[in-house]
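Engineer: Next come a sequence and a model predicted from it.
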Amino acid sequence: MSTATRPARRRTVRQFVPPQHGAWAMLLLPYLAGVLAAGFRWPDLPLLGAWIAGYLFSYFALQALKTRRPQRYREQLLWYGSITAALALPVLVAAPRVLLFAPAYAALIGVNAWYAHRRRERALVNDLASVVQSCLMVFVVAAVAGRAPGGVWVPFLVVLMYFAGTVLYVKTMIRERGSRAYRHASVAYHAVALVVAATLGPVQAAVFALLLARAWGLAGRPLSPKQVGLAEIGATVLVLVAALA
């Protein structure tokens, strides 16, 4: 590969792949928790592709709304919209009951759109709306497998508590590093989450005790976003174990 080709390829990647590294955990953890808890079915494969492509489509759609420049993202929206539709079709044919979750996703995406239009996408409520969207995938996967939501409520609750807490924790590490209010809120939330986790079982309690220690001991430390992200990779593995215990 020539030196001229590498920068061009990097520009193409940056053009089509958003710099939201934490989003991949939010996409994959609930999906994996759902598949491992409910059981694998063949529509889970196109569902994963539609889930990822749908996220990429929504990201660029919200960017178009935020910047008021839809033409700038026309190519991304065309590609990811087409891929999402093509992969979602076999899922809908095989398991049309997944459409029951469409109103919830529409309402939550509406929250994202409102904040994007106001250019306040870093708002806490907007982040939490994205968390709920992500965690609902546990129920969607269960619907594909023909399982009732009650059969996967523990994985759903575990990943929901984790990601909601991570929203607060990451803010104390990056954008709100010096905020005592956010630090107190993060520690208080994780303490309550630990109490709830303790009612689910010893594995869940142990994992959320570690998450509480993380929220207490690391908040405000001068760690880079990359270091924070790497630490969260280990946390997501533990949470997946807790979701399935």
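Structural biologist: Nice, thanks for sending it over.
Engineer: Beyond the one helix or strand Ala37 maps to, next helix or strand please.
Structural biologist: Here Ala37, judged by DSSP states H and E, is contained in helix 22-38. Per DSSP H and E, the first helix or strand lying C-terminal to helix 22-38 is helix 44-67.
Engineer: What separation do you get for the spatially most central residue of the chain and Pro70?
Structural biologist: Geometric centre of the chain, nearest residue: Met26, 2.3 Å, by CA atoms, centre = their mean. From Met26 across to Pro70, the span is 25 Å (CB to CB, to the nearest Å). (Glycine included, C-beta is placed from N, CA and C.)
Engineer: which helices and strands does the helix holding Ala37 pack with?
Structural biologist: Judged by 3 or more CB pairs under 8 Å, 6 or more residues apart in numbering; DSSP states H and E, helix 22-38 is in contact with helix 44-67, helix 124-135, helix 137-144, helix 153-173, helix 225-244.
Engineer: what does that helix rub up against?
Structural biologist: Contacts with helix 22-38, where a contact means CB atoms under 8 Å, 6 or more residues apart in numbering, come from 44, 47-48, 51-52, 55, 59, 130-131, 134-142, 144-145, 147, 151-152, 154-156, 158-159, 162-163, 166, 170, 229, 232-233, 236, 239-240, 243-244.
Engineer: Look up phi and psi at Ala148.
Structural biologist: phi -70, psi 150 (degrees, to the nearest 10).
Engineer: List the residues that contact it.
Structural biologist: Shown in contact with Ala148 (CB under 8 Å, 6+ apart): Ala142.
Engineer: what do you get for Thr84?
Structural biologist: Applying CB under 8 Å, 6+ apart to Thr84 gives the contacts Ala50, Ala53, Gly54, Phe57.
Engineer: what ranges of the chain fall below the confidence cut-off?
Structural biologist: Applying pLDDT under 70 to the chain picks out residues 1-13, 21.
Engineer: residues near Tyr105, how many?
Structural biologist: Residues lying near Tyr105 (other CB atoms under 10 Å) number 16.
Engineer: Hmm, it is touching Cys135, no?
Structural biologist: No: under the criterion of CB atoms under 8 Å, Tyr105 makes no contact with Cys135, lying 11.7 Å away.
Engineer: how about Arg122, phi and psi?
Structural biologist: Here is the backbone geometry of Arg122 (degrees, to the nearest 10): phi -90, psi 0.
Engineer: before we move on, back to that, now for the contacts of Thr84: which two are most distant?
Structural biologist: Spatially, the most separated pair among the contacts of Thr84 is Ala50 and Phe57, at 9.8 Å (CB to CB).
Engineer: ok, so what distance separates the closest residue to Val98 other than its chain neighbours from Leu32?
Structural biologist: Counting by CB to CB, 6 or more residues apart in numbering, Ala143 is the residue found nearest to Val98 once chain neighbours are left out, at 5.0 Å. To Leu32, Ala143 is 16 Å away according to CB to CB.
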